[in-house]
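**Student:** compute the structure for the input listed below.
(one chain, ligands or ions: 1)
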Amino acid sequence: MKNVLQINSSILGEHSVSKSLSDYAADLLSQHRGAKITIRETGGLPHLTGETLAAFSNTSEALDAEGKALVETSNELIDEVKAADTIILGVPTYNFFIPSQLKSYLDFIARAGVTFKYTETGPVGLLDDKTVYVINASGGVYHATGEDLVGPYIEKIMGFIGIQDVHFVRAEGLALDQGANKESIITQAKNRLKEMLAVDEVTA
Ligand SMILES: Cc1cc2nc3c(=O)[nH]c(=O)nc-3n(C[C@H](O)[C@H](O)[C@H](O)COP(=O)(O)O)c2cc1C
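**Tutor:** So this is what the prediction gives:
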């Protein structure tokens, strides 16, 4: 584990639970595994549009400046993912799903002919396999009750671009009991991260 890409998608800044847990995981990996951390915020990316899609698939005609900028943004995001062997993906649950900022990010990295291709037997992911640690924070409880929409989607889209090794750490139920258990849920998630990342001593 050398190059870690930390992807933050919360809108809550320093109050974000998924970001603070992702920071914790990144600190563990840099302090105990000597990993280099690259941070990507998903905020600010535009929604996918017909023009963007046309720019992504333009192989012959010259692109205008706007099209070029969109392709460059997408290429930069994909290069970051390619350079990473490990990804820490912070995912808040908003309105039962992932933040729209993260969806835009995924729309910019799922590109036909670049990160996946269509074959006669179906789509094939083109990214080398990597390990992804998904840190999902939610006010309610979904995974434990079998009603999780976020986890299955993240597994599906990662597999689609070729990434099969996906692990989840969940901080669920943060808003239950008027938030009384929040600290213990966060502590449990940190302990799970230490276990998963096989880090014994903790200074982070
Ligand atoms: C706009 C918004 C929508 C939310 N929707 C849900 C939801 O559908 N289900 C849920 O369990 N919690 C929901 N929550 C609570 C968040 O999941 C919780 O605050 C969590 O900590 C978000 O992760 P973050 O702190 O990293 O942003 C919502 C919070 C916000 C701000």
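
**Student:** show me what from this structure comes close to the ligand.
**Tutor:** 10, 12, 16-19, 92-96, 137-140, 174-175 (C-beta under 6 Å from any ligand atom). To be clear about C-beta, it is placed using only N, CA and C from the backbone, and glycine gets the same treatment.

**Student:** show the buried residues in the residues you listed.
**Tutor:** Among the residues of the chain next to the ligand, those scoring as buried are 10, 16-19, 92-94, 137-138, 174 (criterion: 16 or more other C-beta atoms under 10 Å).

**Student:** among those residues, which ones are in strands?
**Tutor:** Counted as lying in strands by DSSP state E, out of these, are 92, 137.

**Student:** tell me where this structure has helices.
**Tutor:** 17-33, 50-56, 65-83, 100-109, 150-160, 182-196 (DSSP state H).

**Student:** does anything pack onto the third one? Which helices or strands?
**Tutor:** Helix 65-83 is packed against strand 3-8, strand 36-41, helix 50-56, helix 100-109, with contacts defined by 3 or more C-beta pairs under 8 Å, 6 or more residues apart in numbering; DSSP states H and E.

**Student:** ok, and what's touching stretch 90-104?
**Tutor:** By C-beta atoms under 8 Å, 6 or more residues apart in numbering, the surrounding residues in contact with stretch 90-104 are 6-12, 16-19, 21-22, 42-48, 134-140, 142, 149-150, 153-154.

**Student:** which residue lies nearest the spatial centre of this structure?
**Tutor:** Leu89 (3.2 Å; C-alpha atoms, centre = their mean).

**Student:** doesn't Ile154 make contact with that residue?
**Tutor:** Yes: in this structure Leu89 lies within contact range of Ile154 using C-beta atoms under 8 Å: 7.2 Å.

**Student:** what do these two both touch?
**Tutor:** In contact with both Leu89 and Ile154: Val134, using C-beta under 8 Å, 6+ apart.

**Student:** quick check: Ala110 touching Gly125?
**Tutor:** No: Ala110 lies out of contact with Gly125 (C-beta under 8 Å); the separation is 9.5 Å.

**Student:** hey, what's in contact with both of the two?
**Tutor:** Joint contacts of Ala110 and Gly125 (C-beta under 8 Å, 6+ apart) are 116, 160-161.

**Student:** now do the contacts for the residue nearest to the centre of the chain.
**Tutor:** Per C-beta under 8 Å, 6+ apart, neighbours of Leu89: 7, 9, 22, 132-135, 154.

**Student:** quickly note the distance from it to the ligand.
**Tutor:** 12 Å (C-beta to the nearest ligand atom, to the nearest Å).
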